[in-house]
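> Okay, here's the prediction I keep looking at, along with the sequence it came from:
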Amino acid sequence: MPASLSSLDNLPALVPDDRGYSFAGSFLLALALLLFVSCEKPDPTGGTGLIPENDQLFAWRTDTLTLLVQSETEDSLRTDELSVSLLGAYLDPVFGMSRAWAVSQLRLSTSSVDFPNSYEVDSVVLTVQLEGYLYGRQGKPYFLVHEILDELALDETYYSNKNLNVYPDNLMLDGSERQHLSVPPNATNSPLFPALRLPLDISLAQRLMSPADPSVLNSDESFRAFFKGLAVSTMAEPGSGVFNADLVDPASKLTIYYRDLDGPEPDTTSYAFNITSDCARFTRFEHNYLGTPLQGVESFPVPGQEQCFVQAGSGLKVRLDMPYIQNLNSFEGRTINAAELIVPFETDSRLLPQQQLVLLYRDQEGEMRVLPDQLSQTIGGLGDFAKNEYRFRIDRYIQQVLNGNIQPDGLYLYSTRGGITVNRVICNGPEFSTEDPTRNMRLLVTFTSD
């Protein structure tokens, strides 16, 4: 039955907390509290709701407060100059297609360069050092490398949804687009991870070594104005995955291998265009939910009473509303002792859930705010992979909402490390299971009253 704020019938179901003091007349006290609504008394705990357990006269506990849940697209994230970049793509029957483009400028490896008048190019290789992260499957991805048309600047801010203009031609050497990767299981440091060596079309060497205006090779500034940079990703197809790349690792660079024919004898040599911390770089994310249960989420939120969805990489967030939380103020002298949001989730051996989620609230001005429990470092949010659930302690938040100190416009579940991972998780909503309520999302509140 739909609940109404004006009816005491909509108070949450309550059970006595067996940790509190009880006596033979507890039922009569409960009945009196249910029939009586009083003005709020001053909070003796200074708004925290954390009182010593031996001071509790009587404690109640409820886990049936109404939660309204929906999945929404996440706002864009700032992804420039992060510790790692992402590249690659994966397909998911629930979340659809996700792709990450690693975008970066290049620099001259010398103050200027004077290529020989006569030369013969052997190969052009883009090397990208991988880091300790793979999401999806490694397989034999089909790589995409494009020259970008937009000029980048180190002092500019770049977000995950930046429109990127590129030349349409894939610079990968014809027939070498698929590269087999072998990432050691459980490897967590760079020495164990391979460096991608992507062979590019040798026509790129001609463009870089013999530009129409040779002065573009006289300085980094003029070179970056001439050659804006590269964007690297993979095709989205079954068996594909997303990798972390350390673009500023010394191994990450574009190298031209050639023979200098100006001298009496050919001289085999090379020249590198480096990627350094002085290069503007960012990750661009793409998500396409067409043909999935999330189709249309870009325009309208998807109801989440049964299941809801959180996705890193500027993908999806979950909104939670508690429309009847103020009914707890019907209890005279109410003080929150504990409030815990429990979020069960589904597991996938190939597409692992996030290690941790973060909980924020939106204020009346539309700004996202940290919960007071986060400031006290008691909020939690780490995934329990034995129980398959996330837990958040939000005692202070609930207390301040009831006191009127916080007037939220929704709670939001986000991914942590959203700019450098693409993990996703399917969370159970508050109406996921009628047979096993412990698998439902729920808010467990323990409180005392006079």
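Happy to help now that I have it. Numbering: from 1, shown residues only.
> Just list the residues touching G419, thanks.
L77, R78, T79, L82, S160, T283, G313, S314 (Cβ atoms under 8 Å, 6 or more residues apart in numbering). C-beta coordinates here come from the backbone N, C-alpha and C atoms, glycine included.
> show me the contacts for the residue lying closest to the fifth one once chain neighbours are set aside.
Closest residue in space to S160, ignoring its immediate chain neighbours: S314 at 4.1 Å, by Cβ to Cβ, 6 or more residues apart in numbering. Shown in contact with S314 (Cβ under 8 Å, 6+ apart): E74, D75, S76, L77, T79, S160, N161, F285, H287, G418, G419.
> what about A205, helix or strand, and which?
A205 is part of helix 203-209 when elements are defined by DSSP states H and E.
> what's the helix or strand that comes right after that helix in contact with?
Sequence-wise, the next helix or strand downstream of helix 203-209 (DSSP H and E) is helix 220-226. Helix 220-226 has contacts (Cβ under 8 Å, 6+ apart) with Q105, L106, R107, L108, E151, L152, P211, D213, S215, V216, L217.
> so, if you compare the residues you listed, which one comes nearest to A205?
P211 (11.4 Å; Cβ to Cβ).
> I'd like to know how many residues surround the nearest residue to that closest one once chain neighbours are set aside.
Closest residue to P211 apart from its sequence neighbours, by Cβ to Cβ, 6+ apart: F226 at 6.3 Å. If you count neighbours by other Cβ atoms under 10 Å, F226 ends up with 15.
> Pull up the distance across stretch 136-146, start to finish.
Taking Cα to Cα, to the nearest Å, stretch 136-146 runs 23 Å from one end to the other.
> Identify the residues contacting V318.
The neighbourhood of V318, defined by Cβ under 8 Å, 6+ apart, consists of V69, Q70, S71, E72, G304, C308, F309, V310, Y412, L413, C427.
> A strand includes it, no?
Yes: under DSSP: H, G, I helix; E, B strand; the rest coil, V318 falls within a strand.
> Tell me which stretches of the stretch 301-450 of the chain form strands.
302-303, 307-311, 316-321, 335-344, 357-362, 368-370, 380-384, 389-393, 411-415, 424-428, 442-448 (DSSP state E, counting those that start in this stretch).
> Mean pLDDT and distance to V401 for those - can I get that in CSV?
Listed next are these as CSV, based on pLDDT from 0 to 100; distance: least, Cβ to Cβ, whole Å:
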stretch, mean pLDDT, distance to V401
strand 302-303, 98, 23
strand 307-311, 98, 21
strand 316-321, 98, 12
strand 335-344, 96, 9
strand 357-362, 97, 9
strand 368-370, 96, 12
strand 380-384, 96, 18
strand 389-393, 97, 14
strand 411-415, 97, 10
strand 424-428, 97, 22
strand 442-448, 95, 11
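> could those be laid out in a markdown table, adding distance to N405?
Below are the strands of the stretch 301-450 of the chain laid out as a markdown table (distance: least, Cβ to Cβ, whole Å):
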| stretch | distance to N405 |
| --- | --- |
| strand 302-303 | 30 |
| strand 307-311 | 28 |
| strand 316-321 | 18 |
| strand 335-344 | 13 |
| strand 357-362 | 12 |
| strand 368-370 | 12 |
| strand 380-384 | 22 |
| strand 389-393 | 18 |
| strand 411-415 | 16 |
| strand 424-428 | 28 |
| strand 442-448 | 17 |
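> out of those strands, deepest packed?
Most buried of these by mean neighbour count (mean count of other Cβ atoms under 10 Å) is strand 307-311; its value is a mean of 26.
> Kindly format the C-alpha coordinates of it as CSV.
Extracted C-alpha coordinates of strand 307-311, given in CSV (Å, rounded to 0.1, in the frame of the first residue of the first chain):
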residue,chain,number,x,y,z
GLN,A,307,18.0,-4.1,-9.6
CYS,A,308,20.2,-1.0,-10.0
PHE,A,309,23.5,-0.3,-11.7
VAL,A,310,26.8,1.5,-10.9
GLN,A,311,29.4,1.8,-13.5
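> So what angle separates the directions of it and strand 316-321?
130 degrees (axes from the mean of the first three to the mean of the last three Cα atoms, to 10 degrees).
> For strand 307-311, give me every contacting residue.
Residues contacting strand 307-311 (Cβ under 8 Å, 6+ apart): 69-71, 74, 94-95, 98, 287, 294, 302, 316-318, 346, 354, 357, 413-415, 422-429, 432, 441.
> hmm, try it at 7 Å
69, 71, 95, 294, 316-318, 354, 357, 413, 415, 424-429, 432 (Cβ atoms under 7 Å, 6 or more residues apart in numbering).
> can you state the direction angle for it and strand 411-415?
50 degrees.
> bridging residues for the spatially closest residue to H146 that is not a sequence neighbour?
In space, and not counting its chain neighbours, H146 is closest to V166: 3.8 Å by Cβ to Cβ, 6+ apart. Listed by DSSP bridges, the beta-bridge partners for V166 are I148.
> what sits against V166?
Applying Cβ under 7 Å, 6+ apart to V166 gives the contacts H146, E147, I148, L149, A231.
> One more pass at 6 Å, please.
H146, I148, A231 (Cβ atoms under 6 Å, 6 or more residues apart in numbering).
> Tell me the most packed of these, by neighbour count.
Result: A231 is most packed of the contacts of V166 (other Cβ under 10 Å), 23 neighbours.
> Can you verify my assumption that that residue contacts W101?
Yes: judged on Cβ atoms under 6 Å, A231 makes contact with W101 at a distance of 4.9 Å.
> what is in contact with those two at once?
Counting by Cβ under 6 Å, 6+ apart, no residue touches both A231 and W101.
> can you give me the strands in the stretch 51-200 of the chain?
59-62, 68-73, 85-92, 96-104, 107-108, 119-136, 143-147, 195-200.
> about what we covered before: name the helices or strands packed onto the helix holding A205?
strand 119-136 (3 or more Cβ pairs under 6 Å, 6 or more residues apart in numbering; DSSP states H and E).
> rewinding a little: out of the strands of the stretch 301-450 of the chain, the one nearest T276 is which?
Across those, closest to T276 is strand 411-415 (Cβ to Cβ), at 29.1 Å.
> where does that closest one sit relative to the chain's centre, distance-wise?
10 Å (Cα atoms, centre = their mean, to the nearest Å).
> so what strands line up beside that strand?
Counting by DSSP bridges, strand 411-415 is paired with strand 316-321 (antiparallel), strand 357-362 (antiparallel).
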